[in-house]
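Asker: I would like to see how this sequence folds:
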Amino acid sequence: MKNRLKIMALSLVLSTTAAMAAESLIGIEGSYGKMSVDTERSNVATNDKVTLEGGGVKIGAQNDEFRLFLNANYYGSTNDHYNHVETYGVELDYLMKPATSFDIYIGVNGGMANIEQIDDLNLKRTSSDPYYGASLGVNMHVSKLIDLELGGRMLFLDISNTRNNVKYTYNSIASAYASVIFKFNMEE
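Answerer: Residues are numbered from 1 along each chain as shown. Sure thing, here's the model as predicted:
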């Protein structure tokens with residue numbers, strides 16, 4: 001039943017977007033950020049900030065005020081204990097146009113996060129759960145067909161993994177990113 005509801009909601013969003021869209025969008029993204037992780041061992045808790053470097057793709061559509069993206073991001077870690085984080089989701093951005101050369105956007109997002117970690121005992125842990133978040137940035141119009149986007153994104157997680165009396169709780173991911181957005185006019 002949950003899968004049917006997800007498919008119906010996604011179909012509704014995509015069909016609404018296609019109806020309102022003036023332009024199709026394809027984006028390629030690079031990002032750098034930190035993930036907040038709480039570790040609890042023998043009732044002693046610590047908090048770590050894990051460095052993440054990532055890349056992603058997004059496809060979507062926009063009109064004068066809004067844009068909607070389906071996105072997939074992969075974050076690798078510089079920490080040997082964290083293999084990767086993957087996110088798949090939807091972003092909805094409101095576009096403010098203070099000048100013809102750029103937009104400022106504020107957005108909300110949600111989706112699924114998958115985390116793979118190798119813990120201190122060399123055990124592989126995998127965790128998946130939904131996330132929600134927000135983004136803010138500037139979208140500069142380099143040409144009629146290309147935009148350069150600089151922004152920040154905050155993802156709120158509530159993912160826990162307990163094994164061998166050690167509990168890891170993944171709290172949030174804060175990242176800065178740059179995207180190249182390719183635009184295709186759907187009305188021509």
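Asker: Tell me who's in contact with Tyr82.
Answerer: Met35, Val50, Leu52, Ile115, Glu116, Gln117, Ile118 (CB atoms under 8 Å, 6 or more residues apart in numbering). In short, each C-beta sits where N, CA and C put it, glycine included.
Asker: thought the first one was touching Tyr170?
Answerer: So the one you mean is Met35. Yes: when contacts are counted by CB atoms under 8 Å, Met35 is listed as touching Tyr170 (6.5 Å).
Asker: coming back round to it: need the buried ones from the contacts of Tyr82 selected in ChimeraX.
Answerer: Buried residues among those (16 or more other CB atoms under 10 Å), as a ChimeraX selection:
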select :35,50,52,115,117
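Asker: Among the contacts of Tyr82, name the ones in strands.
Answerer: Under the assignment DSSP state E, the contacts of Tyr82 contribute Met35, Val50, Leu52, Ile115, Glu116, Gln117, Ile118 to strands.
Asker: Identify the residue nearest Pro130 in space, chain neighbours excluded?
Answerer: Once flanking residues are discounted, Pro130 sits nearest to Met112: 5.8 Å by CB to CB, 6 or more residues apart in numbering.
Asker: downstream neighbour of the helix or strand that neighbour falls within in the secondary structure list?
Answerer: Using DSSP states H and E, Met112 sits in strand 102-118. Later in the chain than strand 102-118, the nearest helix or strand by DSSP H and E is strand 124-141.
Asker: Within its sheet, name the partner strands of that next one and how each one runs.
Answerer: Strand 124-141 has its sheet partners listed here by DSSP bridges as strand 102-118 (antiparallel), strand 146-163 (antiparallel).
Asker: Among these, which comes closest to Arg67?
Answerer: Taking CB to CB, strand 102-118 is the member of the strands paired with strand 124-141 nearest to Arg67, at 7.5 Å.
Asker: list the buried ones in that closest one?
Answerer: For strand 102-118, burial by neighbour count (16+ other CB under 10 Å) applies to Phe102, Asp103, Ile104, Tyr105, Gly107, Asn109, Gly111, Ala113, Ile115, Gln117.
Asker: same deal with stretch 155-167?
Answerer: Buried, per 16+ other CB under 10 Å, within stretch 155-167: Leu155, Phe156, Leu157, Ile159, Asn161, Val166.
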